[in-house]
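**Q** predicted model, plus sequence, below.
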Amino acid sequence: SQQGEEDPQALSIQEGENATMNCSYKTSINNLQWYRQNSGRGLVHLILIRSNEREKHSGRLRVTLDTSKKSSSLLITASRAADTASYFCATDGFYGGATNKLIFGTGTLLAVQP
Amino acid sequence: DAGVIQSPRHEVTEMGQEVTLRCKPISGHDYLFWYRQTMMRGLELLIYFNNNVPIDDSGMPEDRFSAKMPNASFSTLKIQPSEPRDSAVYFCASTPRGGGELFFGEGSRLTVL
């Protein structure tokens, strides 16, 4: 399967704590993106990191990328109950000769307890 | 802009019936993607279009599935005949540039009895 793997599958933390999610993928990539999905809703884009970047910040989000290990992490600092959602990584890579298609990982379900 | 619009939001049908899901992408977005989401298989890319032309349909599960994009503002995903294992949430997404941020619709939840 081309699909990436995310770790952990589920994470439960208290409000105010930091949450870290990891993503591993299998092929060379142009960029890696993180998305959020609230229950019963569509996915919402959070952040994009290019293959030549190692770290990127956006508000309370910090993303790292290690292309040598084919892995990325998403850190959410000072979590809030409203951060409760599923988080997915997606890679724009070289799949069967076709590019420009985003392949999503398996997702991490984050629960932030108030 | 209203975002990506999908219809219907919910569809319940019986095995063997034809199902048509519809998508209106964001104006000016040249790429359109169809994904399927299930608990067992996660988010699977079915097919994507660039400038109304299908580029990669390797994710379409079988001949019962077909997708069209007759113009820049409309796409359909058709399942004929439908089977219970097709039950899933089907998402449409669009983007103005290849490999860029995807804008998702709210999905069409399909239940095949």
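**A** Received it, and whenever you're ready, just let me know what you need. Numbers count the residues shown, from 1 in each chain, chains lettered A, B, ... in the order given.
**Q** what's near enough to touch the one residue in chain A that gets nearest to chain B?
**A** Going by C-beta to the nearest C-beta, chain B is nearest to A:Asn100 of chain A, at 3.2 Å. Where you see a C-beta, it was placed from the backbone N, CA and C, and this is true even at glycine. The neighbourhood of A:Asn100, defined by C-beta atoms under 8 Å, 6 or more residues apart in numbering or on different chains, consists of A:92, B:31, B:48, B:50, B:55, B:98-99.
**Q** do that again at 7 Å, thanks
**A** By C-beta atoms under 7 Å, 6 or more residues apart in numbering or on different chains, A:Asn100 lies in contact with A:92, B:31, B:98-99.
**Q** what do you get for A:Leu48?
**A** A:31, A:33, B:101.
**Q** need the residues you listed in CSV with pLDDT, secondary structure and neighbour count, can you?
**A** Formatted as CSV, the contacts of A:Leu48 follow (pLDDT from 0 to 100; DSSP: H, G, I helix; E, B strand; the rest coil; neighbours: other C-beta atoms under 10 Å in any protein chain shown):
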residue, pLDDT, secondary structure, neighbour count
A:Asn31, 92, strand, 19
A:Gln33, 96, strand, 24
B:Glu101, 93, coil, 18
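**Q** how far away is whichever residue of chain B sits closest to chain A from A:His45?
**A** Distances between chain B and chain A by C-beta to the nearest C-beta are smallest at B:Gly98, namely 3.2 Å. Distance, B:Gly98 to A:His45, by C-beta to C-beta, to the nearest Å: 15 Å.
**Q** got it, and A:Lys26?
**A** Distance from A:Lys26 to A:His45, by C-beta to C-beta: 22 Å.
**Q** which parts of chain B are helices?
**A** Assigned by DSSP state H, chain B shows no helices.
**Q** can you pull the residues of it lying near chain A?
**A** B:31, B:42-43, B:45, B:48, B:55-56, B:58, B:91, B:98-99, B:101-102, B:104-107 (C-beta under 7 Å from any C-beta of the partner chain).
**Q** tell me the buried residues within those.
**A** B:31, B:42-43, B:45, B:48, B:55-56, B:91, B:98-99, B:101-102, B:104-107 (16 or more other C-beta atoms under 10 Å in any protein chain shown).
**Q** low-scoring stretches of the chain, by residue?
**A** Assuming you mean chain A. A:1-3, A:95-99 (pLDDT under 70).
**Q** oops, wrong one, chain B.
**A** Applying pLDDT under 70 to chain B flags residues B:1.
**Q** grab the most central residue of it for me.
**A** Nearest to the geometric centre of chain B sits B:Trp34, at 3.4 Å (C-alpha atoms, centre = their mean).
**Q** so what's the residue nearest to it when sequence neighbours are not counted up against?
**A** Spatial nearest neighbour of B:Trp34, chain neighbours left out: B:Leu46 (4.4 Å); criterion: C-beta to C-beta, 6 or more residues apart in numbering or on different chains. Listed by C-beta under 7 Å, 6+ apart, the contact partners of B:Leu46 are B:34-36, B:59-60, B:65.
**Q** I appreciate the help and will end here.
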